[in-house]
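pasted the sequence and its predicted model underneath.
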Amino acid sequence: MSLLAAASSSVPPESTQQALGYPSLFLLVLIGALVPVVPTGALVSSAAVVAFHQTAPFALALVFVTASVAAFLGDVALYWLGRRGLKSKNGSRWLEAIRARAPEDRLEQAQAKLAEHGVAVLVLSRLVPAGRLPVMLACLLAQWPLRRFVRGNLPACLAWAVTYQLIGILGGSLFPEPWEGVVAAIVLTLVISVAPSVWKRVRAAS
């Protein structure tokens, strides 16, 4: 058996990749929404690259549905936990985790924009790097009911999933090998994530 044939035989079939990949993507995005240390955007882009190179007709659609549902459920669960923390005398670790990742200046900006534009700010918050938690905290402090947050968060998660999936499709279309597209998608998502903070520092230094 040639080396190429051996390598090909070691690659799991698409059915196995899908059986393992979609549940893994769902869990990782869900966890990333609850504990914002997992780079969920890069995960979605990488999954889209792999789906782009598969022959299954609905692979990309399944990535979109999986990512958007997981992000939506994670956001709603975190918001619900934050509301419980606000009502509790001792607060909660979830509320403190949101506060810790929402700097005072970002929170003040989010509160001002939320008061002026309402739900539209929530929809855009997932597309702005590090914008989700300050806006979520602003919604909590404004005492938005869970139902109102859900109405705004649904299109936010859909737009987020589409955006990072398009990044993955771009990476997958530029390179013939899936791993090359995955690397390109991860690099692009990281650049998008750090670009605003770098630009802010450059402006402050000038």
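Thanks, I have it. As the structure is a prediction and not an experimental result, all values here were calculated from the model. Numbering: from 1, shown residues only.

can we go C-alpha only for contacts and neighbour counts from here?
Fine.

what about Ala59, neighbour count?
Taking other CA atoms under 10 Å as the criterion, the count of residues near Ala59 is 19.

over to the one 10 residues further on?
Using other CA under 10 Å, Val69 has 18 neighbouring residues.

now the helix or strand where it lies: buried residues?
Using DSSP states H and E, the secondary-structure element containing Val69 is helix 59-87. Of the residues in helix 59-87, those with enough neighbours to count as buried (16 or more other CA atoms under 10 Å) are 59-60, 63-83, 85-86.

equivalent analysis for stretch 123-141, please.
123-127, 130-140.

out of these, which sit inside strands?
Here DSSP state E is the test, and the buried residues of stretch 123-141 give no hits in strands at all.

look up how far Pro155 lies from Ala100.
Taking CA to CA, to the nearest Å as the measure, Ala100 falls 26 Å from Pro155.

between the two, point out the one with more neighbours.
Here Ala100 and Pro155 are compared on neighbour count by other CA under 10 Å; more neighbours surround Pro155, at 18 against 12.

and the pLDDT at that one?
Among the per-residue scores, Pro155 holds a pLDDT of 95.

give the contact list for it.
With contacts defined as CA atoms under 8 Å, 6 or more residues apart in numbering, the neighbours of Pro155 are Val123.

how does it look with 6 Å?
The contact partners of Pro155, taken as CA atoms under 6 Å, 6 or more residues apart in numbering, number zero.

pLDDT of stretch 71-79, averaged?
Here the mean pLDDT over stretch 71-79 is 95, rounded to a whole number.

again with stretch 93-105
84.

now the helix or strand hosting Ala161 against helix 59-87, angle please.
When elements are assigned from DSSP H and E, Ala161 belongs to helix 146-174. Taking axes from the mean of the first three to the mean of the last three CA atoms, to 10 degrees, one finds that helix 146-174 is oriented at 150 degrees with respect to helix 59-87.
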